[in-house]
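**Student:** generate a structure from the sequence data that follows.
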Amino acid sequence: MTDEDEPVETFYTEERWQNWIDRLREEDLDLEDEDSARLLMNLQEDTAIAVAKVIESYEDGTIDEERAHDELTEMQEIVLAEAPLENEEKAMLVESVQMSLEVVFYAAQEYIAAGAADEASVEEYIEAAADAEAEEDIDTAVGYIVQAGTRVIDGDEIDPALADEMEYGLVAEWVNGLESLQNALASPETVEEED
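**Tutor:** Now for the predicted structure:
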């Protein structure tokens, strides 16, 4: 970190993630319950907002490419680490959020390294990913979703109908993460942890 970077905000901390995990540990989670679903969504959106802020700081020249990559890598290590939850169901729910966020980090890293993909539209990349998942070619599916993510960062929007029509699976989880990133880029304000 250079002296010039010092005034830049801290984008994400271990403590911030741990606060969410502590909240989950204390809550009686029931996905049929609106408050439980909102808590999980807020956890995901809060991370997506932090990613969006790194991208914006890079784009406006506040931080350089190396610092942006370092911030994203550090954030990824915090968020994707196994959550210390004894309750198996809660642990699975956090894993689902982590899966959605994994491609958000990959897409942000790819965008900063190489810019937005320009071979196809965001929908075409998502459809290609779904086709690859159907053929159990997960690496290819990830590649297409990351390309879709770079398009989202560049300003393309995912049609909500597309996400609604998708069968549940990895690509649907990843698209859910990209939608959180899309929301975060549109309104990069921190999600307040409700009391």
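**Student:** what's the lowest-mean-pLDDT helix or strand in the chain in contact with?
**Tutor:** Across the helices and strands of the chain, mean pLDDT, DSSP states H and E gives its lowest value to helix 160-165, namely a mean of 84. Contact with helix 160-165 is made by 123, 126, 172, 175-176, 179, as judged by C-beta atoms under 8 Å, 6 or more residues apart in numbering. All C-beta atoms are positioned from the backbone trio N, CA, C, and that covers glycine.
**Student:** how much space between residue 143 and residue 157?
**Tutor:** Distance, residue 143 to residue 157, using C-beta to C-beta, to the nearest Å: 21 Å.
**Student:** these two: who's more crowded?
**Tutor:** The neighbour count for residue 143 versus residue 157, taken as other C-beta atoms under 10 Å, is higher for residue 143 (18 against 13).
**Student:** hmm, back to that, just the buried members of the contacts of helix 160-165?
**Tutor:** Burial by neighbour count, judged by 16 or more other C-beta atoms under 10 Å, picks out 126, 172, 175-176, 179 from these.
**Student:** check which helices and strands the helix or strand where residue 110 lies sits against.
**Tutor:** Secondary structure from DSSP states H and E places residue 110 in helix 88-114. Applying 3 or more C-beta pairs under 8 Å, 6 or more residues apart in numbering; DSSP states H and E, one finds that helix 88-114 contacts helix 14-26, helix 34-59, helix 65-80, helix 138-153, helix 170-186.
**Student:** what pLDDT, on average, does that helix get?
**Tutor:** The average pLDDT for helix 88-114 rounds to 95.
**Student:** do stretch 46-58 as well
**Tutor:** pLDDT averaged over stretch 46-58 gives 96.
**Student:** in it, what's buried?
**Tutor:** Applying 16+ other C-beta under 10 Å to stretch 46-58 flags 46-55, 57-58 as buried.
**Student:** JSON lines for the residues you listed, including distance to residue 74?
**Tutor:** Below are the buried residues of stretch 46-58 laid out as JSON lines (distance: C-beta to C-beta, whole Å):
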{"residue": "46", "distance to residue 74": "16"}
{"residue": "47", "distance to residue 74": "12"}
{"residue": "48", "distance to residue 74": "16"}
{"residue": "49", "distance to residue 74": "16"}
{"residue": "50", "distance to residue 74": "11"}
{"residue": "51", "distance to residue 74": "12"}
{"residue": "52", "distance to residue 74": "16"}
{"residue": "53", "distance to residue 74": "14"}
{"residue": "54", "distance to residue 74": "10"}
{"residue": "55", "distance to residue 74": "15"}
{"residue": "57", "distance to residue 74": "14"}
{"residue": "58", "distance to residue 74": "15"}
